[in-house]
Every structure is written in structure tokens, then in C-alpha cells.
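Chemist: I would like the atomic coordinates for the input below:
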Amino acid sequence: MPQDIVFHLPFAADVSPDADDARRRSLDWCGRRGLVAHPVNRQRFLRWDIAGLMAAWVPRATGERLDLTVDAVVVATFLDDQFDGPLAAQPRRVAAACRAFTDVIASGGAAPAGAGPLVGAFAQVWRRLAHRASPDWLESTGQHWQWYLNAYAEEAGNRAHRHVPTRAEYFALRRRSGFVYAMLDLSQRAYGFELPPRLYADPTVRRMLDITADVVDTLNDVHSVEKEESRGDLHNLVLVIEHELGCDRDTAIVEIQRLIHSWCAEFVALEDRLGKRTPGEDITGEDTVGEDTVGERALGQDALGEDALGQDALGQDALGQDIAGKDAPGDGPPGPPRADTAVVARLTDCMRSAMSGYLHWSRVSLRYSQPVPPDEPALVTDLLTGG
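Modeler: This next block holds a predicted model:
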């Protein structure tokens, strides 16, 4: 599918000034982890420009904070490519392969004995994610990774039975398989804040997260439809709409443009509604007077690097808040609504950057404009076993 199909998003795109250096650091990291030892893998990795994606996803992140987001998405992308070949329609084998990643999460970052280089790379990423993260945040991002892993077996079952999902089935599965929720967790990590469970449960916030996932996933489906169709993959909204409506490709694209326009309009309206809440109104609608509500938790800047384990954190984030979520000495403690407003504003900014950043990257990346031929594996080595 051509990458010049017009999508108008009401969000401005930007790119981190550290993008070029992040590309070099990412290639070095992949080399050390044994992910691009084969020259074909290396060449394709460079074409896909995952560092470029994350430099647009978190455009104000630099250095180790940006690197962690890149390395995590490299793992997720390479895992996805492991299932483009013979494993694609074998749900039991797919589930078994994903279980090693689940074991890493359960163990706190230990790779199982005999694991291949991709599992080892994920174990190192998970330890970096876990460093100085709160238990609530770590549980949440672990669940999002688990969604992603479990979705592979479900997709493999659909392929095995040649089942084209309905639109409702598609969205229920795609919001888990698309990895957007985990990538928004990476945005929080990059910018040094956490979304507490009480705010994650807010219906408006949840709807905005869903919209962000739907926009990013649907843009991805448009740009990857020819690649996925050539490999017999049915989990693509373009194909779902064609099957549902009995229409041609152009008609399906027009319907998708309409959907994305309506989602973005809804997102902007929800953002406006959040901004108009009165200063004393708690975002969840609960009475929090007297509660010790923590809207953000500072993450030490050196806590995100590859070798950060055991190092000291700064104890403050860019807003000058200490690890308890209160202002630095000299300022009075913020009330719960103020903390809620600050963290939701930062999350909203992350969601805007996610949508605009993904579209920016997808228009220039060679991952879909020059896809791997369908009779070739995306990666020529088995990174799950090291074979």
C-alpha cells in the first residue's frame, strides 16, 4: 500500500535531536546482544529504522531514556518477525515460544536457561524497565507485554483456521497485539513519570488510550497491508473491512480515513473536556480530600541506561518533584487535583506524540515500502533459539 495515502492528524510531529546518535547506539546494542550478527539481519534492521520511530514517538527524550524505548521496541519488532514464517499458523509452538518471555517477566528479568539471544535481550530490557519503577507501574506494563505475547497464539489460531475476524473481534485483539499500550508505558519511562492506577482507571483516560491505540494500529495496517496479505495474515483492518463490506481496496481505505478522522476529533474533544474540569474536581470523580495522592513518581535519569542497575537516582524529575510526588523543598505540597492534572497532561502529550510520531515514521520507513519478499523470512536467523 503506498505510503502517501493522506491522513490528517491534528497533532504536530517532532523528532528528538538525538535521533542519529540513537541509531548508532541501537545498532551497537543489537550487535552486543547477538541480534544482527548475520549481515542480512543487520541490513534489514537499518532499513526499518526503529530508532527513528522512537525518536518521533518520544521527541524530547535523549540519551539513555531514548535508548531504553528503542531497545524495547527492537525486541518487540524482532519477535513479531520471528512469527512471519512457518510458525505463523502453529498456535501451540507460538505459545511455547512466547512463554520464555513471560518467564522473564515473572522472574524479574532472568532469562531461562538455554534461551536464545532475543529472550536474553528482553531480560536485559526488563531489568532496565524495572529499575526504580513502582510495583504498580511494573505490574501494569507487565500486563501490557503479556497482552502482546498472548495475542500471538490467538492470531496463529485464526491463521490456522483461515478465520477472518469481525470488526469487533479485530479491535478486541488488535488493541492487545499492537503493543501501543506498552509503548505508551515507555513514553512514561522516557519522560520520568508514572500513571497511577487510579488515573488509569478513569473512563476518559482509558478512552483516550484506546483511541491512540486504534489510530496507531490502523495507520500501521494501511501501510503494511500488502506485506501482510502476501504472507496470508488476516489480522489487518483493511482486509477486515473488505471482507465485512464486500468492497474493494479503495472503498476500505476511505472508510479507514473516516474512522481515523472521527477518532481524532473525539480525542481532541476529550482532551478539551479534561482541560475544562474545575480546579477542585478530581479526575476520577472521587472525593480525595485528605488523601495522599501521588500523581507522578520521579524516575532517576540514570535509571534507564543499559548498566544502570545499582546506580543512584537523581530523586527528582524535570518538574522538580521529589520521589514522593510533592514539590521540591520551599514549595507547598500540591493538592490531589493539581497532581492529577499534571500527570494527565503529560500522558496526553505522550499520546499526541505517539499518533503524530508513528505517522511521521511510517511515511519514511522502508519497512513497508520495501518489504521482505513473502518467500523469505524477515530475519534469516532464529533469534528465539540462536539457531
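
Chemist: what about the stretch 1-150 of the chain, any weak spots by pLDDT?
Modeler: Low-confidence segments of the stretch 1-150 of the chain, defined by pLDDT under 70: 1-3.

Chemist: let's go with 80 and repeat that
Modeler: Along the stretch 1-150 of the chain, the parts satisfying pLDDT under 80 run over 1-4, 84-89.

Chemist: measure Leu35 to Gly85 for me?
Modeler: Note on Leu35: its distance to Gly85, by Cβ to Cβ, to the nearest Å, is 17 Å. All C-beta atoms are positioned from the backbone trio N, CA, C, and that covers glycine.

Chemist: The two: which has the busier surroundings?
Modeler: Shown here are Leu35 and Gly85; by other Cβ atoms under 10 Å, Leu35 has more neighbours (25 against 14).

Chemist: how about the more buried one, what does it touch?
Modeler: Residues near Leu35 by Cβ atoms under 8 Å, 6 or more residues apart in numbering: Asn41, Phe45, Val74, Phe78, Pro117, Leu118, Ala121, Leu383.

Chemist: Ala100 - how many residues pack around it?
Modeler: 21.

Chemist: That one: which element?
Modeler: Per DSSP states H and E: Ala100 is located in helix 91-107.

Chemist: hang on, the earlier thing: out of the contacts of Leu35, which comes closest to Leu209?
Modeler: Leu209 lies nearest to Val74 out of the contacts of Leu35, by Cβ to Cβ, at 23.2 Å.

Chemist: Now the closest one: which helix or strand?
Modeler: helix 63-82.

Chemist: That helix vs helix 91-107, what angle?
Modeler: Relative orientation of helix 63-82 versus helix 91-107 (axes from the mean of the first three to the mean of the last three Cα atoms, to 10 degrees): 160 degrees.

Chemist: Show me how far helix 63-82 is from its chain's centre.
Modeler: Here helix 63-82 shows a centroid-to-chain-centroid distance of 9 Å under the convention Cα atoms, centre = their mean, to the nearest Å.

Chemist: Which elements pack onto that helix?
Modeler: helix 19-32, helix 50-57, helix 91-107, helix 117-130, helix 180-191 (3 or more Cβ pairs under 8 Å, 6 or more residues apart in numbering; DSSP states H and E).

Chemist: Ok, which of these comes nearest Pro371?
Modeler: Distance to Pro371, taken as Cβ to Cβ, is lowest for helix 50-57 among the helices and strands packed on helix 63-82, at 15.5 Å.

Chemist: Pick the most deeply packed of the helices and strands packed on helix 63-82.
Modeler: Most buried of these by mean neighbour count (mean count of other Cβ atoms under 10 Å) is helix 50-57; its value is a mean of 26.
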